[in-house]
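S.K.: Would you be able to build a 3D model of this:
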Amino acid sequence: MDALSLYDLNALVRRSLEQCLPDEYWVQAELSEVRMHPATGHCYVEFVQKDPRGNNLVAKARGVIWSNVFRLLRPYFEESTGQAFEAGIKVLVQVSVSFHELYGFSLTVHDIDPTYTLGDMARRRREILKQLEDEGVLTLNKELPMPVLPRRVAVISSPTAAGYGDFRHQLEHNPRGYAFQVTLFAAAMQGDRVEASILEALDAINGRAEQFDVVVIIRGGGATSDLSCFDTYLLAAACAQFPLPIITGIGHERDDTVLDSVAHVRVKTPTAAAEYLIARMDEAADRLNDLVVRLHEGVTARLEQERRRLYQCRNRIPASAVRRVSSAKLELLTARKDLHRSVETLLARHRHRLELLRQRLADASPEKLLARGYSLTLKDGRAVKDASRLHEGDVLVTQVHKGTLTSIVKNIK
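M.R.: Model (predicted):
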């Protein structure tokens, strides 16, 4: 029987594939592995397709992007999507099918459609946001009140990032000289450590939450392709439920990340985050100045009102005093007349009583009694009231109305 060598069989497969699949095809797949050869510049990838129901692999193929294509394709993809060309993303690529007798089946990538990956990223963001909404935490951080004076600022950033320096410079050189207290919590802003390091920083801030007014997460100078690290559920859930308002200034203008969507305030750059804080201080200062002006105007108006009232009172005092004096004079005259009448009436009543008493005294006087025929007998100048106290031979003087009689006691009965 005729037998083929393995090489002959593989060559037959190669010719058959070249005849059957001569064109280029757009293929949807997920990158499970991305390896760049530093010497040649070629990129070797592995494409997979998973069963959506069980997440099991249903297809897999090796792929290669030659250096002349990869030099153009990678920056185009990353600039368009803001996503690094790395394992774990879904792509739509234009490929040609090839088969090598030694290396076997592979796909050669010629082009890529970033809009497909953008759609998948947007879908993933929507799923995270929907999950947060279903859990009731999506808008919790937005509902926190922003402090009137956000002076004590906890910053999550890379200490060497240019954006952090811009942020500090903007705050320290604000036109009105506001004094901000900035505390840095260092974290990675690109690479695989972004999620874990930001979560660690949030935990550290939460342990000292009473020392801060706001949290600012800033990133400046990094590649746009590093933004996907801010689109994770754990990071979004932690920020959405954080007890302090979070401001993000991640340094991009294309689309909001999931982190931007749950933060209290989202600005474009670290400098814009500093400008936002300064603007809040300006608003408070302007309100305070307005209150000072209104207080000054109110006090001035009240003083003027009281001055006019005092002037009117001063003008009314002479006429009021004249009326009061005239009224007092009239009252005094009336009181004097009433007093005079009262005194006269009282004196007349007492004169009448005195006259009656005088009459009674006159009627009871010894002269009146003697005139009526009574007599007064005296012994030694004292009236005799009891005859038993007399003795024979006592000399008595008897006074009658007209004259006196002297007698000697001879007999006592």
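S.K.: all strands for the stretch 151-300 of the chain, in order.
M.R.: Secondary structure of the stretch 151-300 of the chain (DSSP state E, counting those that start in this stretch): strands at 152-157, 181-186, 214-218, 246-249, 265-267.
S.K.: Point out the other helices and strands that the biggest strand by length in the chain packs with.
M.R.: If you go by DSSP state E, the chain has its longest strand at strand 24-36. In terms of contacts (3 or more CB pairs under 8 Å, 6 or more residues apart in numbering; DSSP states H and E), strand 24-36 is packed against strand 43-50, strand 57-65, strand 90-100. No exception for glycine: its C-beta is placed from N, CA and C like everyone else's.
S.K.: For those strands, give me a markdown table that also has mean neighbour count.
M.R.: Below are the helices and strands packed on strand 24-36 laid out as a markdown table (neighbours: other CB atoms under 10 Å):
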| stretch | mean neighbour count |
| --- | --- |
| strand 43-50 | 18 |
| strand 57-65 | 16 |
| strand 90-100 | 18 |
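S.K.: Can you add distance to residue 120 and mean pLDDT and give those back as a markdown table?
M.R.: Shown next, in a markdown table, are the helices and strands packed on strand 24-36 (distance: least, CB to CB, whole Å; pLDDT from 0 to 100):
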| stretch | distance to residue 120 | mean pLDDT |
| --- | --- | --- |
| strand 43-50 | 13 | 93 |
| strand 57-65 | 17 | 92 |
| strand 90-100 | 4 | 93 |
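S.K.: Nearest to residue 303 among those would be which one?
M.R.: Closest approach to residue 303 among the helices and strands packed on strand 24-36 is made by strand 90-100 (74.8 Å; CB to CB).
S.K.: mind listing what the closest residue to residue 188 other than its chain neighbours touches?
M.R.: Of all residues beyond its chain neighbours, the one nearest residue 188 is residue 197 (4.5 Å), with distances taken as CB to CB, 6 or more residues apart in numbering. Going by CB atoms under 8 Å, 6 or more residues apart in numbering, residue 197 touches 186-188.
S.K.: Which pLDDT value belongs to the closest residue to residue 211 other than its chain neighbours?
M.R.: Closest residue to residue 211 apart from its sequence neighbours, by CB to CB, 6+ apart: residue 152 at 6.4 Å. We have a pLDDT of 96 for residue 152.
S.K.: Is it correct that residue 152 is in contact with residue 215?
M.R.: No. Residue 152 lies out of contact with residue 215 (CB atoms under 8 Å); the separation is 10.4 Å.
S.K.: the more surrounded of the two?
M.R.: residue 215 (26 against 16; other CB atoms under 10 Å).
S.K.: Domain-wise, how is the protein divided?
M.R.: 6-112, 134-283, 368-408 (automatic domain parsing).
S.K.: any idea how far the longest one is from the chain center?
M.R.: In this view, domain 134-283 has its centroid 20 Å away from the chain centroid, taken as CA atoms, centre = their mean, to the nearest Å.
S.K.: how distant is stretch 393-402 from the center of its chain?
M.R.: 121 Å.
S.K.: in its sheet, what does the longest strand of the chain sit against?
M.R.: strand 43-50 (antiparallel), strand 90-100 (antiparallel) (DSSP bridges).
S.K.: Now do that strand against strand 57-65, angle only.
M.R.: Interaxial angle of strand 24-36 relative to strand 57-65 (axes from the mean of the first three to the mean of the last three CA atoms, to 10 degrees): 80 degrees.
S.K.: Output strand 24-36 in CSV, but only the C-alpha positions, please.
M.R.: Extracted in CSV, the C-alpha atoms of strand 24-36 (Å, rounded to 0.1, in the frame of the first residue of the first chain):
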residue,chain,number,x,y,z
GLU,A,24,-8.5,37.1,4.3
TYR,A,25,-11.3,36.7,6.9
TRP,A,26,-12.6,38.8,9.8
VAL,A,27,-12.6,36.6,12.9
GLN,A,28,-14.0,37.3,16.4
ALA,A,29,-12.0,35.9,19.2
GLU,A,30,-10.5,36.5,22.6
LEU,A,31,-6.8,36.9,23.2
SER,A,32,-5.7,34.3,25.8
GLU,A,33,-2.0,34.9,25.3
VAL,A,34,0.1,37.8,23.9
ARG,A,35,3.9,37.5,23.6
MET,A,36,6.2,40.0,21.9
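S.K.: Number the residues from 131 up from this point.
M.R.: Sounds good: first residue 131 from here, last item strand 154-166.
S.K.: Longest helix in this structure, please.
M.R.: Longest helix in the chain, counting residues (DSSP state H): helix 400-493.
S.K.: Output the contacting helices and strands for the very next helix or strand once past it.
M.R.: Counting by DSSP states H and E, the element after helix 400-493 in chain order, helix or strand, is helix 496-501. With contacts defined as 3+ CB pairs under 8 Å, 6+ apart, helix 496-501 has no helix or strand neighbours.
S.K.: how far does helix 496-501 sit from the chain's center?
M.R.: That offset, for helix 496-501, works out to 111 Å (CA atoms, centre = their mean).
S.K.: List the buried residues of the very next helix or strand once past it.
M.R.: As assigned by DSSP H and E, the chain's next helix or strand after helix 496-501 is strand 506-509. Residues of strand 506-509 classed as buried: residue 507 (neighbour count, 16 or more other CB atoms under 10 Å).
S.K.: Report the rounded mean pLDDT for strand 506-509.
M.R.: On average, strand 506-509 scores 82.
S.K.: Pull it out as PDB, backbone CA atoms only.
M.R.: What follows is strand 506-509, C-alpha atoms only, in PDB (Å, rounded to 0.1, in the frame of the first residue of the first chain):
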ATOM      1  CA  LEU A 506     -67.600 121.800 147.600                       C
ATOM      2  CA  THR A 507     -66.300 120.900 151.100                       C
ATOM      3  CA  LEU A 508     -62.500 120.800 151.600                       C
ATOM      4  CA  LYS A 509     -60.300 119.600 154.400                       C
END
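S.K.: Distance of residue 323 relative to residue 371?
M.R.: Distance of residue 323 to residue 371, given as CB to CB, to the nearest Å: 22 Å.
S.K.: In contact with the residue lying closest to residue 405 once chain neighbours are set aside, which residues?
M.R.: Of all residues not flanking residue 405 in the chain, residue 300 sits nearest, at 6.5 Å (CB to CB, 6+ apart). Listed by CB under 8 Å, 6+ apart, the contact set of residue 300 reads 400-401, 404-405, 408.
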